[in-house]
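Participant: okay, here's the prediction I keep looking at, along with the sequence it came from:
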Amino acid sequence: MKRLINSTVKLIITTILLFSISGCEKRNIGNVEEGSKYSAILCVGSWPNTAYYITSIPSLTSGTISLKGNGAEMTGKVYAQDVIQRDGFYYHANAGSGRLGKYHVENGVLLIDKEIPFSWLNWSSYAWADNNTLVIFGDGKGEARYAIIKVDKMTIKTGKLALNAIPTGFQIYNFGFAEYRANKLYLGYGFGSNDWTNYPNMPVYAKSFVAVIDYATMNVEKTLEETRSNGLGGSGVYAPSSFIDENNDIYFISDPVNIYDYKSPSAMYRIKNGSTEIDPSYYFNFSALANKETTAAMWYIGNGKAIVRSRIAGQSIDADHYYCLIDVQSGSLIKKLDLPTDKGERMVNAVIVEDGKAFIAVNAVDRDYIWEYNPVTDQLTKGVEFVGGIDYILRIEKLK
């Protein structure tokens, strides 16, 4: 399919949408439906005639999910699936419509807890500094910008990052993974173009960077360079491309196709605990072991294992996708999981990890399920099924 959230089209459409700004705070506890532990964001229709809904998931392992009597429409408040969810609250920043908001679902309706004016940053990546502090990053008309948000009251502090200057021939910053560890922020970035006349053959800057940022001052302490791959992670507001493991090591994976680089491989990197450098002894070339496939997202499931969502080789960012199990510590591909092919759409947050198991939402050609993968038994089991005319499962979330 065509990408559901094409960044250019999204900017045009959201710019012409007008929404009111609400300043009232509703409550301190968010929920989709009383007692629900999980939720999904679902799409009905095909672009541009699409509608988006948040629905509760009573069980990951059994039953069916339908929007009939069980879905809060997002359309008109939250534009699409680029949201951040924590403890049942949803956060969304939309420079096109000029608002940043906090929302929750109650009695089948998406309610606004608070919205504030926001039009200076096209958000891309984020990290939680603590349970109440959300740090977001994005490009603002060719400037690297950030916002630090205290989510209880939705107060905001903004600023600019002193990243490497945009080189000639490029106009914007492309932001990738972001992680917070020990009072520092690690932010992947590169450079991109906003001239779409040559799409999909966009200009590619053959180097990527990781900024090491002092959280207290937001000063860039150092910049790490990488040339073996490109596009250090995708837009984290859609799906994760990094994690911190039990050893406090940061792992992140590159997604060159996300920045229209169709030649570089997807590779995994590590920044070890106590270090602010990319580990020179670690380089995991995923594409070399996976028939030149490139990664779109990654979820850590524990004990040194992760699930990677990969796309077939080629120049389509929304090609068919698969799920692979990897060993991150040894840097090896264990196997491709025996799941149905996932149809297109890169930007899917498809995995919930709980009790050592992975629950994987698959948009199949015929019937859509959440599958349970047990790494101890190496077994895949069908779980809850999505029925009733739902076109895409865009996100599944653990709420508490």
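Facilitator: Noted; the coordinates are in hand.
Participant: got a list of what the closest residue to residue 38 other than its chain neighbours touches?
Facilitator: Among residues not flanking residue 38 along the chain, residue 57 sits closest, at 3.9 Å (Cβ to Cβ, 6 or more residues apart in numbering). For every residue, glycine as well, the C-beta is placed using N, CA and C. Applying Cβ atoms under 8 Å, 6 or more residues apart in numbering to residue 57 gives the contacts 36, 37, 38, 39, 40, 65, 370, 384, 396.
Participant: one more: residue 397?
Facilitator: By Cβ under 8 Å, 6+ apart, the contact set of residue 397 is 38, 39, 40, 41, 85, 349, 352.
Participant: what's the neighbour count on residue 356?
Facilitator: 12 (other Cβ atoms under 10 Å).
Participant: what does residue 155 give?
Facilitator: Neighbours around residue 155, by other Cβ under 10 Å: 11.
Participant: from residue 149, how far out is it?
Facilitator: Going from residue 155 to residue 149 by Cβ to Cβ, to the nearest Å gives 7 Å.
Participant: what's the answer for residue 74, then?
Facilitator: Taken as Cβ to Cβ, the span from residue 74 to residue 149 is 20 Å.
Participant: what is the mean pLDDT for stretch 139-149?
Facilitator: For stretch 139-149, mean pLDDT rounds to 96.
Participant: contacts for it, please.
Facilitator: Contacts with stretch 139-149, where a contact means Cβ under 8 Å, 6+ apart, come from 91, 93, 95, 100, 120-122, 124, 129, 133-138, 155-163, 166, 171-175, 189, 218.
Participant: next: stretch 273-291.
Facilitator: For stretch 273-291, the surrounding residues in contact (Cβ under 8 Å, 6+ apart) are 184, 210, 212, 221-222, 224, 226, 228-229, 247-249, 253, 265-272, 293-295, 308, 310, 312-313, 324, 326, 328, 331-333, 336.
Participant: pLDDT below threshold where in the stretch 251-400 of the chain?
Facilitator: Along the stretch 251-400 of the chain, segments meeting pLDDT under 70 span 344.
Participant: in which helix or strand does the nearest residue to residue 293 once chain neighbours are set aside reside?
Facilitator: Once flanking residues are discounted, residue 293 sits nearest to residue 310: 4.2 Å by Cβ to Cβ, 6+ apart. Per DSSP states H and E: residue 310 is located in strand 305-311.
Participant: residue 77: which element?
Facilitator: Taking DSSP H and E as the definition, one finds residue 77 inside no helix or strand.
Participant: which residues touch it?
Facilitator: By Cβ under 8 Å, 6+ apart, residue 77 lies in contact with 19, 101, 103, 110, 112.
Participant: neighbour count, secondary structure and pLDDT added to those, as TSV?
Facilitator: As requested, the contacts of residue 77 are exported to TSV (neighbours: other Cβ atoms under 10 Å; DSSP: H, G, I helix; E, B strand; the rest coil; pLDDT from 0 to 100):
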residue	neighbour count	secondary structure	pLDDT
19	17	coil	34
101	23	strand	95
103	23	strand	95
110	21	strand	92
112	20	strand	94
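Participant: which one of these is nearest residue 79?
Facilitator: residue 19 (9.3 Å; Cβ to Cβ).
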